[in-house]
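Enquirer: Any chance you could fold what I've pasted below:
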Amino acid sequence: MNNPRINIFLLPAVNKNNKYIDLFSSSLKNADQNVHIYSLEKDNLIRIFSHLSSSDLKGAKNIIHIHWPTILYGSRFFLKSLFLLIRNFLLFCAFKYFYKIKIVWTVHNFFAHDYPYPVIDKMGQCMIRSLADMITVQQKSTLEAYSQKYPKKNIQFVPHGNFIDAYGPLVGRDSNLRKSFGFADSDIVLLSLGAVSPYKLNEKIIDATDPASNIKLLICGKGKEKYIEQLKTHAARNKNVVIKDGFILDEEIPRYLSIADYSVFYYDKSEMTSGGIIHSLSYGVPVITRDIPASEIISSNNGFVFKDLDGLKKLLEVGLEKKFDKNAIIDSIREYDRFDAAKKLIGFYRKLK
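Expert: Purely as a prediction, here's the structure:
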């Protein structure tokens with residue numbers, strides 16, 4: 001007998017900055033033909049009302065699955081943020097109590113990255129947590145901490161899927177690209193790839209990089225013009241730091257990862273899960289990261305973990321002589337298979353009462 005139909009309203013429906021949402025959605029659909037994903041125009045909850053009369057929703061398990069809460073109240077205007085928060089709280093209550101739609105929240109961060117109104121963010125997270133029928137976390141350490149802090153909530157561990165081949169196949173080192181940034185073959189290149197945002201604390205990594213050493217830092221990705229200029233000013237006296245401002249196309253990402261000896265991550269206290277760490281490991285690049293919850297996947301086979309700025313400085317001074325096996329690094333992340341994670345999540349969906 002076939003399993004009952006599951007309809008998922010995914011928020012956000014699209015993430016232009018990376019493939020996570022696309023991969024999440026496609027993995028669910030590939031794992032179970034009775035799972036159907038609905039996209040809401042402009043991620044507007046009100047659009048759900050247009051689906052409520054559909055025969056596809058009647059007798060099925062209907063779920064709103066939220067990944068980043070700011071999709072519900074994010075705005076650069078305080079009053080608009082507050083209005084959206086109140087409106088969407090009322091909509092959630094209507095969907096949950098009148099239409100029996102289940103609410104699921106995947107927690108990616110302790111609090112929103114670079115969001116200007118922390119009070120509203122705290123209220124928004126509290127709203128979603130109180131209404132959620134299930135909360136999923138992507139680290140085992142976070143599961144234990146959340147379960148102790150919120151013992152009455154249904155909290156489950158569903159790992160972040162890996163990115164093996166997600167951006168194309170692994171490629172050999174692109175020597176021309178590496179040379180275009182002025183890096184010599186003997187240089188050790190640290191890469192900070194992706195959105196260039198304050199929460200990544202690239203300033204700390206710049207400060208840890210000794211201008212007199214052969215360790216180079218490449219910060220590469222798209223960011224707000226004002227912040228990019230601030231970062232360039234911060235790095236102006238360090239000739240070993242290169243900042244490339246601009247969006248890196250998906251098909252170019254394997255080439256950029258190929259020129260790195262390590263990917264490096266600092267992050268502020270908001271960071272819980274790091275797609276960047278998993279992304280690097282998926283392409284055989286060892287990771288240097290601060291001790292955040294996502295660092296639990298780092299071992300002696302795939303990278304280093306440091307505590308603070310002094311720890312990073314010491315590591316860069318004495319700890320980068322170890323050679324890592326690219327295939328072993330990729331193998332270390334294979335257990336976080338997207339398809340397996342999707343099957344696990346669907347199993348939790350079906351248990352929701």
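Enquirer: Strands along the stretch 101-250 of the chain, start to end?
Expert: In the stretch 101-250 of the chain, the strands defined using DSSP state E, counting those that start in this stretch lie at 102-106, 134-137, 155-157, 188-193, 215-221, 241-245.
Enquirer: contact partners of the second one?
Expert: Put plainly, it is strand 134-137. With CB atoms under 8 Å, 6 or more residues apart in numbering as the test, strand 134-137 has contacts from 102-107, 129, 143, 146, 150, 153-158, 272, 345, 348, 352. C-beta: built from backbone N, CA, C; applies to glycine.
Enquirer: hmm, back to that, now render the strands of the stretch 101-250 of the chain as a markdown table, adding mean neighbour count.
Expert: Listed next are these as a markdown table, based on neighbours: other CB atoms under 10 Å:
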| stretch | mean neighbour count |
| --- | --- |
| strand 102-106 | 21 |
| strand 134-137 | 22 |
| strand 155-157 | 20 |
| strand 188-193 | 21 |
| strand 215-221 | 22 |
| strand 241-245 | 18 |
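Enquirer: and those strands as TSV, adding distance to residue 300?
Expert: As requested, the strands of the stretch 101-250 of the chain are arranged in TSV below (distance: least, CB to CB, whole Å):
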stretch	distance to residue 300
strand 102-106	29
strand 134-137	25
strand 155-157	24
strand 188-193	19
strand 215-221	21
strand 241-245	28
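Enquirer: In TSV, list those along with mean pLDDT.
Expert: Below are those laid out as TSV (pLDDT from 0 to 100):
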stretch	mean pLDDT
strand 102-106	98
strand 134-137	98
strand 155-157	97
strand 188-193	96
strand 215-221	97
strand 241-245	96
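Enquirer: model confidence over stretch 286-295, on average?
Expert: Across stretch 286-295, pLDDT averages out at 96.
Enquirer: Who are the contact partners of residue 2?
Expert: Here residue 2 is in contact with residue 34 (CB under 8 Å, 6+ apart).
Enquirer: Equivalent analysis for the one 10 residues further on, please.
Expert: Neighbour list for residue 12: 21, 43, 67-68, 71 [criterion: CB under 8 Å, 6+ apart].
Enquirer: Take the residues you listed and keep only those in helices.
Expert: If you go by DSSP state H, the contacts of residue 12 have residue 21 in helices.
Enquirer: Quick one, which of the contacts of residue 12 are buried?
Expert: Neighbour counting over those (16 or more other CB atoms under 10 Å) leaves 21, 43, 67-68, 71 as the buried ones.
Enquirer: closest to residue 179 among those residues?
Expert: Set against residue 179, the nearest of those by CB to CB is residue 21 (35.1 Å).
Enquirer: so what's the closest one closest to, chain neighbours aside?
Expert: In space, residue 21 comes closest to residue 15 once its chain neighbours are excluded; the distance is 4.3 Å by CB to CB, 6 or more residues apart in numbering.
Enquirer: Count residues in the vicinity of the one you found, would you?
Expert: 15 (other CB atoms under 10 Å).
Enquirer: Name the helix or strand for it, please.
Expert: In the assignment (DSSP states H and E), residue 15 maps to no helix and no strand.
Enquirer: buried set for the longest helix along the chain?
Expert: Longest among the helix segments of the chain by residue count, using DSSP H, is helix 78-97. Across helix 78-97, burial judged by 16+ other CB under 10 Å covers 81-82, 84-85, 88-89, 91-92, 95-96.
Enquirer: do the same with stretch 295-313
Expert: Buried residues in stretch 295-313 (16+ other CB under 10 Å): 295, 297-298, 302-306, 311-313.
Enquirer: low pLDDT regions in the stretch 201-350 of the chain?
Expert: Within the stretch 201-350 of the chain, no range satisfies pLDDT under 70.
Enquirer: Which stretches in it count as helices?
Expert: Assigned by DSSP state H, counting those that start in this stretch, the helices in the stretch 201-350 of the chain fall at 202-208, 225-235, 253-258, 275-282, 309-318, 326-333, 338-351.
Enquirer: Just name the most buried of those helices.
Expert: By mean neighbour count, with neighbours taken as mean count of other CB atoms under 10 Å, helix 275-282 ranks first of the helices of the stretch 201-350 of the chain at a mean of 25.
Enquirer: pull the CA atoms of that helix into PDB?
Expert: Provided in PDB are the C-alpha atoms of helix 275-282 (Å, rounded to 0.1, in the frame of the first residue of the first chain):
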ATOM      1  CA  GLY A 275      27.100  24.600   4.400                       C
ATOM      2  CA  GLY A 276      30.500  26.100   3.600                       C
ATOM      3  CA  ILE A 277      32.400  23.600   5.700                       C
ATOM      4  CA  ILE A 278      30.400  20.700   4.100                       C
ATOM      5  CA  HIS A 279      30.800  22.200   0.700                       C
ATOM      6  CA  SER A 280      34.600  22.300   1.000                       C
ATOM      7  CA  LEU A 281      34.900  18.800   2.400                       C
ATOM      8  CA  SER A 282      32.600  17.600  -0.500                       C
END
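Enquirer: Measure how it sits relative to helix 326-333, angle-wise.
Expert: Angle, helix 275-282 to helix 326-333, by axes from the mean of the first three to the mean of the last three CA atoms, to 10 degrees: 130 degrees.
Enquirer: Please consider this matter closed, and thank you.
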